[in-house]
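Visitor: Below: sequence and its predicted model.
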Amino acid sequence: MIIDSHVNLHGEKFAEDLDAVIARAHEVGVTHMLNICCNINDFEAVVKVAEDHDNIWATVGTHPHDAKDNPDITADQLIEMAAHPKVVGIGETGYDFHYGYSSQDDQVKNFAAHIEASRQSQLPLVIHTREADDLMLQTLKESGAGRDYPALLHCYTSGQDLAEWAAEAGLYFSVSGIVTFKTAHDVRDRIKAMPDDRIMLETDCPYLAPVPYRGRRNEPSYLPHVAEGLASVKGWTAEETAQRTNAAVFNLFKKMTP
């Protein structure tokens, strides 16, 4: 058994064959999944996938790309939605200055509400960060990440300084199909240094399909290829990889049940 800690199964790319996608995942041993909310406007759809399947859970939040849609969201609103028994985390949230889909001001306000919701609820914060290392590091330090609330840096591809601070602060990391990309040498270097007991697997499907499926729609059944990539970087066996990454998921997302 391995766990996919970051899927997006509620969108249109899985509308026609969701049951088959989930069945294929189970066939290869991916029995538990965390369906990520990237916009609170999609929350009902996100949660429905979790409600309809015993071993799928959900989060609540708005991705930084969509911060402009919910710039005035409050921690209280997020906490109210997070009371659902299948909701185990806050996010995906954070900063992304690569495309500029939302302004920095909107992203900062949005992220602050998510941080406060995580602090009050003690549900883990699922963080997305891209081309925002300095501001992300400042925000996490000032808000007490790892000390005042639990947090995960998902699909980590950012710099060494942020990674080192996060590791020292007790944050968790997740590894995606990028670990298998031929030119992703910097990412593999970061992964090698990640804490062995605070690292988990994800597909981020339908995005970032691992080799040999790169360029196709990603799905949870491809997670074993991510596991193989992580095992290669860390020098772990398949069994060690499953044990360590599964334990990390359940240690962080305490509302999830084995």
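Guide: It's in.
Visitor: my read: A58 touches D52, true?
Guide: No: contact criterion CB atoms under 8 Å: A58 and D52 do not qualify, at 11.0 Å. All C-beta atoms are positioned from the backbone trio N, CA, C, and that covers glycine.
Visitor: Show me which of those two is the more surrounded one.
Guide: With neighbours defined as other CB atoms under 10 Å, A58 and D52 compare such that A58 has more, 26 against 12.
Visitor: Just the terminal-to-terminal distance for stretch 195-212.
Guide: Counting by CA to CA, to the nearest Å, the length from the leading to the trailing residue of stretch 195-212 is 27 Å.
Visitor: Give the buried residues for it.
Guide: For stretch 195-212, the buried set under the neighbour-count rule, 16 or more other CB atoms under 10 Å, comprises 198-206, 208-211.
Visitor: Spell out which residues are contacts of both of A58 and D52.
Guide: Both A58 and D52 lack any common contact, where contact means CB atoms under 8 Å, 6 or more residues apart in numbering.
Visitor: picking that back up, closest to G29 among the buried residues of stretch 195-212?
Guide: The nearest member of the buried residues of stretch 195-212 to G29, counting by CB to CB, is L201 at 11.5 Å.
Visitor: any idea how far A248 is from T59?
Guide: When CB to CB, to the nearest Å is applied, the distance between A248 and T59 equals 16 Å.
Visitor: out of those two, which sits in the busier spot?
Guide: Each of A248 and T59 has its neighbours counted (other CB under 10 Å); T59 has more, 29 against 23.
Visitor: thinking again about what came up before, farthest pair within the buried residues of stretch 195-212?
Guide: By the measure CB to CB, the buried residues of stretch 195-212 have their two most distant members at R198 and P206, which lie 26.3 Å apart.
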